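J.: Sequence and predicted structure below; questions after.
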Amino acid sequence: MNLFSDIRALVIDCLHAMVAAGDLPEGLDFKNVTVEPPRDALHGDMATNAAMVLAKPAKLKPRDIAEKLATHLASDARVTVAEVAGPGFLNMRLGAHAWQGVVSTVLANPQTYGRSDMGQGRRVNVEYVSANPTGPLHVGHTRGAVFGDALASLLDYAGYDVTREYYINDGGAQVDVLARSVYLRYLEAHGQDVAFEDGTYPGDYLIPVGQALKDKVGDAYVNQSEDVWLAEIREFATAAMMDLIREDLGVLGVKMDHFFSEKSLYGTGLIESAIDSLRSKGLIYEGVLEPPKGKKPEDWEPREQTLFKSTEHGDDVDRPVQKSDGSWTYFAPDIAYHFDKVERNFDLLIDVFGADHGGYVKRMKAAVSALSDGKTPLDIKLTQLVKLFKNGEPFKMSKRAGTFVTLRDVVDQVGPDVTRFVMLTRKNDAPLDFDFDKVLEQSRDNPVFYVQYANARVHSVLRKATEMGMDVSDAALSAADRSVLVHDAELGVARKLAEWPRLVEIAARTNEPHRVAFYLYELASDLHSLWNRGNDEVALRFVQEGDETTTQAKISLVRAVSVVISAGLGILGVTPAEEMR
């Protein structure tokens, strides 16, 4: 059930009635008619733009449409007031029984309330993390992993068929650097003194990899030239790093459906096929690019390259895909990878990139548009930087990693649940300050604690009622007489519960899982406010001594809060707390 959808359906029915009565002309399109909360809650519970969007095609004044529509709406038992505001906005107030009915619906459908069929089973590929397999995941990867995973869960919740995917960047020069770094640790395992030159990876995480290589091959590579061992160690080291990355993701509760290797694109004809597809559309040509902005002409060496006409699909400049020496640019395998996604018949592609890839957005969108003839949308979400603080100071780099703070460093400090929730307390493209002290404090200023505490409070009420011998199963609570829930604070909680299905669809439509975290904080705030008012007003307490009927109704309200909080935390990948330590 979605009460906002139900009231919108009521509005549409009333509009059809107005057409039948001759108050509106036939043939009007009602698709842009909305029902949503008014900007100012003092104006009512819901508002519709029907009169405003229909006035021009109907050739009528908005206020005239609104006044007649208000008369029709007022005849529905759920609508207590329908009044016109300004030039033709229509505000509605719903009766208490409408909000009481939301609680009934939540408890009658605890596993499905808020779920949507909006996606209609459309296939979505969400690619995220996709870190170079050269070391453990760092805090920047952590934010991308949490965001991507929550987005995938949100889309699944909204009715999409979601594939979580990791693109292994194992085809570039950085993997050769990894192999050389592992070789140094291998020599070290044999008792040799080694020096890590600039450009190698000095982190301690490669020590066990070097030892494992020694255990596997003995001294076969000691003092051998690079051409003897580079290819084999590259394979060995990449596999070891991917095992480490999978462990890191597992600690965070992230599990991928598919890992795609960049290396699998080379020597298999896949890159050639992707470029040929673009060539067949007249989008590949030989040419010379203009000098990059800011580069002096005398420093620029014009070279003829194979170029992709990305400007025909929204990019700022055309992009090289093959160098003058015949080698592929870094963009070519990315085109081939997305061509593979298009060929797998996904209805929507979503890439989660770090903020440093912002300049890559237009060219990648242009490639997918060209490869799919504009049929497969690509949404690229950028995750901004995370700044870590502890004891009021920036959190120092990890010795184990050598140059950065790892995902494990963060999770070891605060746990996966706190890590995930905090990473979603800002929109993905906004910088995030992560203060280890603040995210663990027990206060309203800590959204993780505030939401979990609300859920724990509900369970404390359920435990108390159970000890009193009450049946607090969802089946029993859904049958409770909720007509006693008439206080504004109680109805306010119910109103917030009614927003959940609508919030899910908005968040899924915009690919913004942070909206779920924001909503949960607001719902928790309403629950805490009601709880605190009960300290002063006996009638608002959830357990009413000697009145089981009223108690059961009030408990049904807070149990509905727990249902929605648990669902929301599930989307975020956070385990709901039933008690606070």
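T.: Everything's here; your move.

J.: Which of the helices and strands in this structure ranks last by mean pLDDT?
T.: Every helix and strand in the chain was compared by mean pLDDT, DSSP states H and E; the lowest is strand 393-394, with a mean of 91.

J.: Can you give the distance from that one to the centre of its chain?
T.: 28 Å (Cα atoms, centre = their mean, to the nearest Å).

J.: Sheet partners, orientation included, of it?
T.: Using DSSP bridges, the strands paired with strand 393-394 are strand 386-390 (antiparallel).

J.: Give the buried residues for the strand it pairs with.
T.: Buried residues in strand 386-390, defined by neighbour count with 16 or more other Cβ atoms under 10 Å: 386, 388. The C-beta positions use only the backbone N, C-alpha and C, and glycine is treated the same way.

J.: which residues touch that strand?
T.: 139-140, 142-143, 394-395, 405, 410, 413, 423, 431-437 (Cβ atoms under 8 Å, 6 or more residues apart in numbering).

J.: What subset of those residues is buried?
T.: By neighbour count, with 16+ other Cβ under 10 Å, the contacts of strand 386-390 hold 139-140, 142-143, 395, 405, 410, 413, 423, 432, 434-436 as buried.

J.: Going by distance to residue 547, which of the residues you listed wins?
T.: residue 423 (44.2 Å; Cβ to Cβ).

J.: show me the residues around that closest one that make contact.
T.: By Cβ under 8 Å, 6+ apart, the contact set of residue 423 is 142, 143, 146, 147, 386, 432, 434.

J.: Now distance to residue 369 and pLDDT too, for those residues, in JSON lines please.
T.: Putting the contacts of residue 423 into JSON lines (distance: Cβ to Cβ, whole Å; pLDDT from 0 to 100) gives the following:
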{"residue": "142", "distance to residue 369": "31", "pLDDT": "97"}
{"residue": "143", "distance to residue 369": "28", "pLDDT": "97"}
{"residue": "146", "distance to residue 369": "29", "pLDDT": "98"}
{"residue": "147", "distance to residue 369": "24", "pLDDT": "98"}
{"residue": "386", "distance to residue 369": "31", "pLDDT": "95"}
{"residue": "432", "distance to residue 369": "31", "pLDDT": "96"}
{"residue": "434", "distance to residue 369": "36", "pLDDT": "95"}
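
J.: if we can go back for a sec, turn the buried ones among the contacts of strand 386-390 into CSV, columns for distance to residue 382 and secondary structure.
T.: Shown next, in CSV, are the buried ones among the contacts of strand 386-390 (distance: Cβ to Cβ, whole Å; DSSP: H, G, I helix; E, B strand; the rest coil):
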residue, distance to residue 382, secondary structure
139, 16, helix
140, 11, helix
142, 15, helix
143, 11, helix
395, 23, coil
405, 20, coil
410, 20, helix
413, 26, helix
423, 14, helix
432, 13, strand
434, 18, strand
435, 23, strand
436, 25, coil
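
J.: Sort out which one of the residues you listed lies nearest residue 12 for me.
T.: Nearest member of the buried ones among the contacts of strand 386-390 to residue 12, counting by Cβ to Cβ, is residue 423, at 39.7 Å.

J.: Please report how far the residue nearest in space to the middle of the chain lies from residue 379.
T.: When Cα atoms, centre = their mean is applied to the chain, the residue found nearest the centroid is residue 151 (2.6 Å). As defined by Cβ to Cβ, to the nearest Å, residue 151 lies at a distance of 10 Å from residue 379.

J.: Do a quick rundown of the strands in the stretch 201-350 of the chain.
T.: 258-261, 284-287, 305-308, 319-322, 348-354 (DSSP state E, counting those that start in this stretch).

J.: who wins for proximity to residue 538 among those?
T.: Per Cβ to Cβ, nearest to residue 538 of the strands of the stretch 201-350 of the chain: strand 348-354, 50.4 Å.

J.: pLDDT weak spots in the stretch 401-550 of the chain?
T.: Residue ranges of the stretch 401-550 of the chain with pLDDT under 70: 401.

J.: thought residue 413 was touching residue 435?
T.: No. Using Cβ atoms under 8 Å, residue 413 is not in contact with residue 435; the gap is 10.9 Å.

J.: and the contacts of residue 423, which two are the farthest apart?
T.: Between any two of the contacts of residue 423, the greatest separation by Cβ to Cβ is 13.6 Å, found for 147 and 434.

J.: Which helix or strand contains residue 92?
T.: strand 89-94 (DSSP states H and E).

J.: actually residue 184, not the one I typed
T.: helix 173-189.

J.: pLDDT (mean, whole number) over that helix?
T.: Computed over helix 173-189, the mean pLDDT rounds to 96.

J.: Spatially nearest residue to residue 501, not counting backbone neighbours?
T.: Distances taken as Cβ to Cβ, 6 or more residues apart in numbering put residue 2 closest to residue 501, at 3.9 Å, once the chain neighbours are dropped.

J.: ditto for residue 530
T.: With sequence-adjacent residues excluded and distances taken as Cβ to Cβ, 6+ apart, residue 530 is closest to residue 489, at 4.8 Å.

J.: Distance of residue 199 relative to residue 174?
T.: As judged by Cβ to Cβ, residue 199 and residue 174 stand 10 Å apart.

J.: When these two are compared, which one has more neighbours?
T.: Neighbours were counted for residue 199 and for residue 174 using other Cβ atoms under 10 Å; residue 174 has more, 15 against 10.
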